[in-house]
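Asker: I'd like to go over a predicted model; first the sequence, then the structure.
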Amino acid sequence: PAIWYDIPLYYKGNRFATNGHEGDVQWPPFAEKLDYELELATIIGKKGKNISAASAREHIFGYTIFNDFSARDIQARWEGQFRMGPAKGKDFDTSNSFGPWIVTKDEIADPYSLKMVVRVNGEERGRGSSAGAQHNFERCIEQVSWSETLYPGEILGLGTIENGCGFESLSFLEPDDVVELEVEGIGILRNRVVRDAQP
């Protein structure tokens, strides 16, 4: 829809369902089609409300890599029908992986020209650039902070880059797959997907 190009639409994930570099991702028992998403993320460093895009960079502390693991079948079966945005399809323990560290904003002159690659079990699955993002962090911060306070430590993802998820080729993850997301100037975020026996 046209509004996609005008406004940075977003959802809010569970801030407790986080994971780090080399952390195992627990496959949710209700899902069959698990997917990765290659995203660049920013970390808020300064509290603010009604922040303009022009001053948004003052509120950025740094950048990291974000893998927004998603249960595609749940998104299609439940959430797509209700049209209320992501919920259980993205909210399960360990679903939000960040890392391998935070790079401060002074170390990345232009966050919108970074090469980005995704690999599964060492095989390249997608390649792109942060230049393809529909909206920049400054515009996103402006939208999210409209009548709402942003606090230091909050994380905003820029959205999945083109060729940055398996859904585009209908190539989903399997148990024990190792997913690597690489972003120029930041490093490699690596996670293994495990499917334990769960009730």
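Answerer: Structure received. Numbering: from 1, shown residues only.

Asker: Please read off the pLDDT at Tyr87 from the model.
Answerer: You called it Tyr, but residue 87 is Ala. With respect to pLDDT, Ala87 has a value of 62.

Asker: now do Leu9
Answerer: At Leu9, the predicted lDDT confidence score is 82.

Asker: Repeat that for the one 5 residues further on.
Answerer: pLDDT, Asn14: 87.

Asker: secondary structure class for it?
Answerer: Secondary structure, DSSP: H, G, I helix; E, B strand; the rest coil: Asn14 is coil.

Asker: and the residue nearest to it when sequence neighbours are not counted, how many neighbours does it have?
Answerer: Take Asn14 and drop its neighbours on the chain: the residue closest to it by Cβ to Cβ, 6 or more residues apart in numbering is Asp91, 4.5 Å away. Using the backbone N, CA and C atoms, a C-beta is placed for each residue, glycine as well. Here the number of neighbours of Asp91 (other Cβ atoms under 10 Å) works out to 18.

Asker: Can you name the residues that contact Asp91?
Answerer: Residues near Asp91 by Cβ atoms under 8 Å, 6 or more residues apart in numbering: Gly13, Asn14, Ala17.

Asker: Now the last one. Its backbone dihedrals?
Answerer: Comment: the main-chain dihedrals of Ala17 come out as phi -90, psi 50, following degrees, to the nearest 10.

Asker: so how far is Arg57 from it?
Answerer: 28 Å (Cβ to Cβ, to the nearest Å).

Asker: Tell me which helix or strand in this protein has the weakest average pLDDT.
Answerer: Ranked by mean pLDDT, DSSP states H and E, the weakest helix or strand in the chain is helix 80-82, scoring a mean of 58.

Asker: where does this protein dip in pLDDT?
Answerer: 1, 73-89, 197-199 (pLDDT under 70).

Asker: And the helices in it?
Answerer: Taking DSSP state H as the criterion, the chain carries its helices at 3-6, 72-74, 80-82, 137-144.

Asker: Columns distance to Gly128 on top of those helices, output as TSV?
Answerer: What follows is the helices of the chain, written out as TSV (distance: least, Cβ to Cβ, whole Å):
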stretch	distance to Gly128
helix 3-6	18
helix 72-74	19
helix 80-82	25
helix 137-144	17
